[in-house]
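**Q** sequence plus predicted model, see below.
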Amino acid sequence: MTITGYSDRINHALAFAAKHHDQQVRKGTRLPYLTHPANVAIILTRYERDDQTVVAGILHDVIEDCVREAYTRLMLEQRIGDKFGCDVLDTVLAVTQRRLDDDGVELSYDERRDDYLERLSLAGDAARWVCAADALHNAATLLADLRRTIDPDTVWRRFTANREDTARWYRRILDRLRSVGFQGDILRELDHVVVALEAWARDEGTREEASNRYTGAAEA
């Protein structure tokens with residue numbers, strides 16, 4: 001595996017994602033959406049993932065948006081595969097929530113999530129790294145926003161699910177990655193974030209302790 005910190009291919013992926021996410025912001029904030037795929041790339045680089053995995057991490061939401069808009073496989077290959085390679089496309093599709101199942105039946109919100117977790121059993125190692133880095137940045141950002149605000153409910157209200165279900169989703173991702181045999185070091189960091197989120201979702205009394213536990217783990 002060739003480790004990368006920067007390449008023209010990564011720069012191209014960032015430029016492509018910036019163009020795609022140009023008018024998008026992070027849910028409930030004014031932050032440009034590009035901050036998310038850029039941070040996913042930083043996380044993957046910090047864990048010494050290869051160029052292809054980093055590029056896949058940058059493009060993961062571009063592809064998910066295209067899937068949501070009902071792009072065909074041919075359209076995806078023309079838009080993504082021709083620029084970055086079908087291996088990158090396949091890596092991200094393995095961990096993209098689908099609109100339709102194999103029979104073309106539209107999936108509900110809960111069914112899309114269940115399908116996503118189920119397909120992790122067939123995903124390759126690179127795809128599981130993208131899944132873990134995506135979950136880590138989303139969960140850690142949520143935790144940081146909860147710690148900064150004086151009114152946590154304003155943060156929780158960003159999400160369709162209630163606070164318990166939101167925290168439970170990240171627990172499900174973590175547990176599923178472990179159950180399919182993924183052993184990346186990133187799981188230790190994700191575990192600390194998930195434990196802290198669960199405490200925030202559960203009750204006031206353990207929030208400060210859980211948040212401090214994550215901060216200490218991150219600094220170790």
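**A** That came through fine.

**Q** from here on, contacts and neighbour counts on C-alpha atoms
**A** Noted.

**Q** quickly list what Pro32 is bridged to.
**A** With DSSP bridges applied, the residues forming beta bridges to Pro32 are Val25.

**Q** isn't Cys131 right up against Val95?
**A** Yes. At 6.3 Å, Cys131 and Val95 qualify as touching, with contact defined as CA atoms under 8 Å.

**Q** ok, the residue lying closest to Ala140 once chain neighbours are set aside - contacts?
**A** Take Ala140 and drop its neighbours on the chain: the residue closest to it by CA to CA, 6 or more residues apart in numbering is Val193, 6.0 Å away. Contact analysis of Val193 by CA atoms under 8 Å, 6 or more residues apart in numbering lists 136, 139-140, 143, 214.

**Q** list the buried ones in the helix ranked longest in the chain?
**A** Ranked by residue count and defined by DSSP state H, the top helix of the chain is helix 125-148. Neighbour-count burial for helix 125-148, with 16 or more other CA atoms under 10 Å as criterion, is recorded at 125-137, 139-140, 142-143, 146-147.

**Q** any idea how far the residue nearest to Ala140 lies from Thr141?
**A** The gap separating Val193 from Thr141 is 10 Å, by CA to CA, to the nearest Å.

**Q** pLDDT below threshold where in this protein?
**A** In the predicted model, the chain carries pLDDT under 70 at residues 1-5, 203-220.

**Q** any idea how far the most centrally placed residue in it lies from Arg168?
**A** Taking CA atoms, centre = their mean, the centroid of the chain lies closest to Asp134, which sits 2.0 Å from it. Distance of Asp134 to Arg168, computed by CA to CA: 16 Å.

**Q** any idea how this structure splits into domains?
**A** 1-93, 109-215 (automatic domain parsing).

**Q** ok, which of those comes nearest Asp101?
**A** domain 109-215 (8.3 Å; CA to CA).

**Q** quick revisit: looking at the contacts of Val193, which one is closest to Leu74?
**A** The shortest gap between Leu74 and any of the contacts of Val193 belongs to Leu136, at 31.1 Å (CA to CA).

**Q** where's that closest one relative to Leu142, distance?
**A** For Leu136, the distance to Leu142 under the criterion CA to CA works out to 10 Å.

**Q** cool, Val62 as well?
**A** As defined by CA to CA, Val62 lies at a distance of 21 Å from Leu142.

**Q** do the same with His192
**A** As for His192, its distance to Leu142 is 13 Å (criterion: CA to CA).

**Q** quick one on the thing from earlier: who are the contact partners of the residue nearest to the centre of the chain?
**A** 37, 40, 57.

**Q** noted, bye for now.
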